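In: could you work out the structure for the sequence below:
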Amino acid sequence: MVFPKYVKRSTLYIDVFLIILYAPSLIADTFCGKPPEVKNGEALVEAFNTDFPVGTNIGYSCHVGFILNTIGNSYAVCVSDNGTAFWQPAVISCEPVCNHLPTLNNGKLKLEGRSPPFMLGDSIDYTCNSGYIADQMNKKITCTLQENVANWTEFDNSCKRKY
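Out: The predicted structure follows:
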């Protein structure tokens, strides 16, 4: 009868030893480090947090004049694959946008149901009111990047009275 008790104790000892031996690697892989950084924006997390458990969602916001790239998510998730924890997506981006519409005296912007923000490369046509004419032949403005800030191409923002 002493022999079975000895076996139980040794099995228990071996099980506990294995758990202690392998537990640190299991614990380390269930946490992600700092979330991905984003240029022209920030992760919505307290600065002192450095470890995040699998399943954690971290939201992002962009600085004024930028918008989160909507192709991906507006948040990153800590996920695990084969025992390794990582952030998905690994890259979050804030893209420059034209938030405001320029004013046009004696004319109208042809928005066609669109509204700000406008992405780089977006264009808007404009027309002059009856009795007015634009000085420029191209009656279009485009959202472009100028000195790292998104802004509308320059245009004469007024339609002149016809003579």
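
In: helices of the protein, start to end?
Out: Assigned by DSSP state H, the chain shows helices spanning 2-28.

In: centre-most residue in it?
Out: Leu68 (3.8 Å; CA atoms, centre = their mean).

In: pretty sure it is touching Ala43, no?
Out: No: using CB atoms under 8 Å, Leu68 and Ala43 do not qualify as a contacting pair, with a distance of 11.7 Å. Heads up, the C-betas are built off the backbone N, CA and C, glycines and all.

In: how close does the residue lying closest to the residue nearest to the centre of the chain once chain neighbours are set aside get to Gly41?
Out: The spatially closest residue to Leu68, leaving aside those adjacent along the chain, is Ser74, at 4.8 Å (CB to CB, 6 or more residues apart in numbering). According to CB to CB, to the nearest Å, Ser74 stands 10 Å off from Gly41.

In: distance of the residue nearest to the centre of the chain relative to Gln146?
Out: When distances are taken as CB to CB, Leu68 and Gln146 turn out to be 22 Å apart.

In: with Tyr126 instead?
Out: For Tyr126, the distance to Gln146 under the criterion CB to CB works out to 19 Å.

In: the two - which one has more neighbours?
Out: Tyr126 (19 against 11; other CB atoms under 10 Å).

In: residues contacting that one?
Out: Residues touching Tyr126, when contacts are defined by CB atoms under 8 Å, 6 or more residues apart in numbering, comprise 104, 107-110, 134, 139-141.

In: beta-bridge partners for it, please?
Out: Leu109 (DSSP bridges).

In: okay, now Asn49: neighbour count?
Out: The local packing count at Asn49 equals 12, with neighbours defined by other CB under 10 Å.

In: now do the contacts for Asn129.
Out: Applying CB under 8 Å, 6+ apart, one finds that Asn129 lies in contact with 106-108, 159.
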